[in-house]
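[1] Could you work out the structure for the sequence below:
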Amino acid sequence: MAFSTNSKIWVLVVALLSILCCNLGKADGDVAQIVSKALICFNDKYIYSSCEESYRLTESGNLNVPSAYTVSYCTGPCLQETQLVLNCIENILTNFVFYNEATIQDVRDTVKAGCGYGPERGNFNVAEHLQAERNSSHKVAAQILFGLGMMIVGGGLFL
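    Residues are numbered from 1 along each chain as shown. Modelled structure (predicted):
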């Protein structure tokens, strides 16, 4: 799989930010070597050997799996090879962030939901999954703040 210059630059920028802001996990060596190792995971012929290229995880954090291909993706080599790529990246740079701002865990969660038997089955859109997660976390935070406010107000009434 060939990488465009723009993709390589974005992956490099994201990886550098991850390195500067976060722990390096198991990786050692200089920054260029770490980024190179992480990029190799995406086109390692021993990792991605059977999954059709159009359904593979990209360095930008996208999984282009059509819903009609769900059963084949989830029961075939693509799921296993996607997990291997994520493990490869995580072993090099634990706090890797894809171009679409997804983390390794975000991609894992999207794949789990897409292959699951719930309402998200067949939806492998990482960006949509991230947005839904963010919206959900905002609602939970608002509910918690409302509950705390009610406890404070309610406690004041009993004084």
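[2] Is residue 79 in contact with residue 115, as I believe?
    Yes - judged on CB atoms under 8 Å, residue 79 makes contact with residue 115 at a distance of 6.4 Å. In this view, the C-beta of every residue, glycine as well, is placed from N, C-alpha and C.
[3] Residue 107: neighbour count?
    26 (other CB atoms under 10 Å).
[4] shift numbering so it begins at 744
    In the new numbering, first residue 744, that becomes residue 850.
[5] Tell me the pLDDT of it.
    On pLDDT, residue 850 comes in at 96.
[6] Moving C-terminal from the least confident helix or strand in the chain by mean pLDDT, which element do we reach first?
    In the chain, no helix or strand scores lower on mean pLDDT, DSSP states H and E than helix 748-764, which sits at a mean of 49. Once the chain leaves helix 748-764, the next helix or strand it forms, by DSSP states H and E, is helix 774-783.
[7] Packing partners of that next one?
    Contact here means 3 or more CB pairs under 8 Å, 6 or more residues apart in numbering; DSSP states H and E; on that basis helix 774-783 packs against helix 748-764, helix 820-835.
[8] Number of residues surrounding the residue nearest to residue 806 when sequence neighbours are not counted?
    Spatially, and ignoring its direct neighbours in sequence, residue 806 is nearest to residue 867 (4.2 Å; CB to CB, 6 or more residues apart in numbering). Counted with other CB under 10 Å, the neighbours of residue 867 add up to 27.
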